[in-house]
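Q: Structural data only, the sequence is not supplied:
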């Protein structure tokens, strides 16, 4: 295991706090332009972050968890994250790009080639964060689509019936990731032979039908897109409970989790490692990143005051720990949590670009001073940054 | 033609070389079909030539013949949306048009992908709406099973209608983002939509605010009577196959003539045939070169594959330098054809009749199988010196055989370079082609008026 930490930056709208768009320096007018996203990702790249994630969804943002609201005082509307990542690809050189894809209403065949192409346009810096959306609002946007969720009304999350349905939904997500991965491998690396003598462009023995037959869908393959530069682009997922931890352990390269303290972090990491072993992946690297929503200023008091001010404009409860303090204090916390087994962190800036710049100019130099973070991009691919090798193709016959 | 009168302007577009035998991958100049650098070079060359847009085709399953993946042509392509979004970052004016079928997608997702592309490119998105469907391709999709083949035109029509309602669900002024007042949206129901028909039953809130063009420029490629009506009613441009002068004029007159019936003016729909070309220093050199390219495109092995596609059976033992087979093509159900994943094969109407025509033509000309395939699969549209080609293109456009052409080079990615360097300056000199871009959006490039906001459902 590498001796330094990994850092990801979670980008969404004008930041994670619903009052963020009102802040001085925020750019709500630019949200739907390419320049806005290029600037943010370049800022994260200046801080040598491993990657950015880009939030997405197939419904309008809402203060309600499942259905649209009629508020006019919050950021509403968002661009397709995969296209945003692809747009940013040629405009950046070192940082990984990990858009969110909602898996229960979309086609794994389309997503597979979209992420493979992201990997091509970024020269090996592509990935995906898979997300489930079981809400009725999204189901309404897709009409007849049958999924494991159906158009679930999930207000009673703890009931056995809802838990069973959630387990099924995550199994469907697991199938989806399996199809992505098989399709990425469906071309061997040297399948394109361009043999002028025989007139053959490809060696079809090195192209593979994936013949996936699952419970929710079947996909024949091969992909129409050759194996991407990384072989397998990065797969990530966020989890808050046992069922999603299992998906992280079985199917992903990086899991995002939301402990509130070091003890919880230790427990979650242990749980993921146990599931990883049960899935036969004990010898594979699966990163577990702690998510932290950050409000950062040069003094503790200033950060606390800003958090209070944001919450007064728009009261906000996060699924992740909200940290309001100095970059130095944050470095202390991350160090303690890393000792509990987390291999990296996904920081959610409360306000963009302010809290991102605090990460870049405050946290990163401090971590570097402590010998805990890279001082230059030291690998050509996102997998490389994360210490993940280029995987052998499951279909390769040698 | 007097110099004071502005002549009808030529529109040019660039089709990224496709996965068929038109593309000569074996040429020493042939580069990658998948690396982004090839797309960047191709797009920037088109932009240097002041082209209206770049065009990408679609194919969602690798072709097979005789149960094996077809390996003689280029195989493999990127995802259309991802590569167009990336190209938006390395171009400034060039339109970005992608072919996206309505069969294996849902309107909500496709509408937000095109709206996003339009935002990210500052108003340069175009959508070629196609209806292709076959069970073979459907095997790659969770949605592959349930659509009856006879429903696909209806689905394409209602798909576009639904997508249009989604784009129109946001008005231009809906995003205030007013930090001082705290109002982000101008109205609480921005993005609201509800649509129910034989194909779709959807409602809710669309989540991409109105894009610079309002919606992508709509292209249509179907050639049937139904397809022509669809284009006359709804499309901004047609990707046509009628590049030859006489048939081009007939098609142009037919489709333009349909516009009035849908309450549209003649200049609201552009007709842009796909065209291939071979340039030479002289017309004679180009003619020689064109024949060489044809032989590269139809190798002996490729000739046999074409034969198999019509005969619908294994002809691997057939001599490409000998005569055509003496027996008639094999008939079979469309899902059991010897060649899978080719619309041209799937749509073939009368194999036996076509085989008889081919035999007659081969016998009359004393042609071998390969020579016959070279003949029937078509010569390049434009062959000649730069001046000859510029003059021919101009004549087609001035005489209403087209409004311009979507050029399909046979070399990736440099197949457009010489055209841009040599033909474009002559067109500019003739006063029929722009020397600078005169707007910022694809609609501007095409000379189409900007859309006013139309309330959902008003479009038809």
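A: Perfect, I can see it now. What you see is a predicted model; the values in this text were computed from it and never measured.

Q: Excluding its own residues, what touches the lowest-mean-pLDDT helix or strand in chain B? List them.
A: Least confident element among the helices and strands of chain B, by mean pLDDT, DSSP states H and E: helix B:343-346 (a mean of 83). Taking contacts as C-beta atoms under 8 Å, 6 or more residues apart in numbering or on different chains, the residues outside helix B:343-346 that touch it are B:132, B:134, B:309, B:334, B:337, B:339. Glycine gets a C-beta too; all of them are placed from N, C-alpha and C.

Q: ok, the residue lying closest to residue A:227 once chain neighbours are set aside - contacts?
A: Nearest in space to residue A:227, with sequence neighbours left out and distances taken as C-beta to C-beta, 6 or more residues apart in numbering or on different chains, is residue A:187 at 4.5 Å. Shown in contact with residue A:187 (C-beta under 8 Å, 6+ apart): A:206, A:207, A:208, A:222, A:223, A:225, A:226, A:227, B:76.

Q: pLDDT value on residue A:187, please?
A: The predicted local distance difference test score for residue A:187 is 98.

Q: so what's it bridging to?
A: Note on residue A:187: beta-bridge partners residue A:207, judged by DSSP bridges.

Q: is the longest helix along chain B up against chain A anywhere?
A: Identified as the longest helix of chain B according to DSSP state H is helix B:152-168. No - shown here: helix B:152-168 not in contact with chain A (C-beta under 8 Å from any C-beta of the partner chain), separated by at least 9.1 Å.

Q: In chain A, what helix or strand scores lowest on average pLDDT?
A: Lowest on mean pLDDT, DSSP H and E among the helices and strands of chain A sits helix A:136-142, with a mean of 90.

Q: Packing partners of the longest helix of chain B?
A: helix B:107-120, strand B:125-130, strand B:192-196, helix B:225-234 (3 or more C-beta pairs under 8 Å, 6 or more residues apart in numbering or on different chains; DSSP states H and E).

Q: redo that, cut-off 7 Å
A: Counting contacts by 3 or more C-beta pairs under 7 Å, 6 or more residues apart in numbering or on different chains; DSSP states H and E, helix B:152-168 is packed against helix B:107-120, strand B:192-196, helix B:225-234.

Q: Next, count neighbours for residue A:110.
A: Counted with other C-beta atoms under 10 Å in any protein chain shown, the burial measure for residue A:110 works out to 22 neighbours.

Q: and if you look at residue A:283?
A: Counted with other C-beta under 10 Å, residue A:283 comes out at 7.

Q: for the one 10 residues further on, same thing?
A: The number of residues packed near residue A:293 is 24, by other C-beta under 10 Å.

Q: Then residue B:263?
A: For residue B:263, the neighbour count with other C-beta under 10 Å is 9.

Q: what does residue A:158 give?
A: Applying other C-beta under 10 Å, we find 6 residues neighbouring residue A:158.

Q: before we move on, back to that, kindly present the helices and strands packed on helix B:152-168 as a markdown table, with separate columns for mean pLDDT.
A: Shown next, in a markdown table, are the helices and strands packed on helix B:152-168 (pLDDT from 0 to 100):
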| stretch | mean pLDDT |
| --- | --- |
| helix B:107-120 | 98 |
| strand B:192-196 | 97 |
| helix B:225-234 | 91 |
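
Q: rewinding a little: between the contacts of residue A:187, which has the most around it?
A: Among those, residue A:223 has the most neighbours (other C-beta under 10 Å), with 29 neighbours.

Q: Please confirm that it is located within a strand.
A: No - assigned with DSSP: H, G, I helix; E, B strand; the rest coil, residue A:223 falls outside any strand and is coil.

Q: So for the nearest residue in space to it that is not next to it in sequence, what's the pLDDT?
A: Closest residue to residue A:223 in three dimensions, ignoring its sequence neighbours and counting by C-beta to C-beta, 6+ apart: residue A:183, at 4.2 Å. Residue A:183 is assigned a predicted lDDT (pLDDT) of 98.

Q: what about residue A:183, which helix or strand?
A: helix A:160-184 (DSSP states H and E).

Q: Pull out the buried residues from that helix.
A: Residues A:162, A:165-166, A:168-184 are the ones in helix A:160-184 that count as buried (16 or more other C-beta atoms under 10 Å in any protein chain shown).

Q: What is that helix packed up against?
A: Using 3+ C-beta pairs under 7 Å, 6+ apart as the contact definition, the elements that helix A:160-184 packs against are helix A:108-121, strand A:127-131, strand A:212-213, helix A:242-251.

Q: what about residue A:322, which SS state?
A: Classified using three-state DSSP, residue A:322 is strand.

Q: Apart from its neighbours in sequence, what residue is nearest it?
A: Setting aside the residues directly before and after it, residue A:322 is nearest to residue A:293 in space (C-beta to C-beta, 6+ apart), at 4.7 Å.

Q: Contacts only, for the one you found.
A: With C-beta atoms under 7 Å, 6 or more residues apart in numbering or on different chains as the criterion, the residues that contact residue A:293 are A:16, A:318, A:320, A:321, A:322, A:323, A:348, A:350.

Q: what's the following helix or strand after the helix holding residue A:183?
A: Next in sequence after helix A:160-184, counting helices and strands by DSSP H and E, comes strand A:192-195.

Q: where along the stretch 1-150 of chain B do the strands fall?
A: All strands of the stretch 1-150 of chain B, identified by DSSP state E, counting those that start in this stretch, fall at B:11-15, B:53-56, B:64-65, B:68-69, B:95-101, B:125-130.
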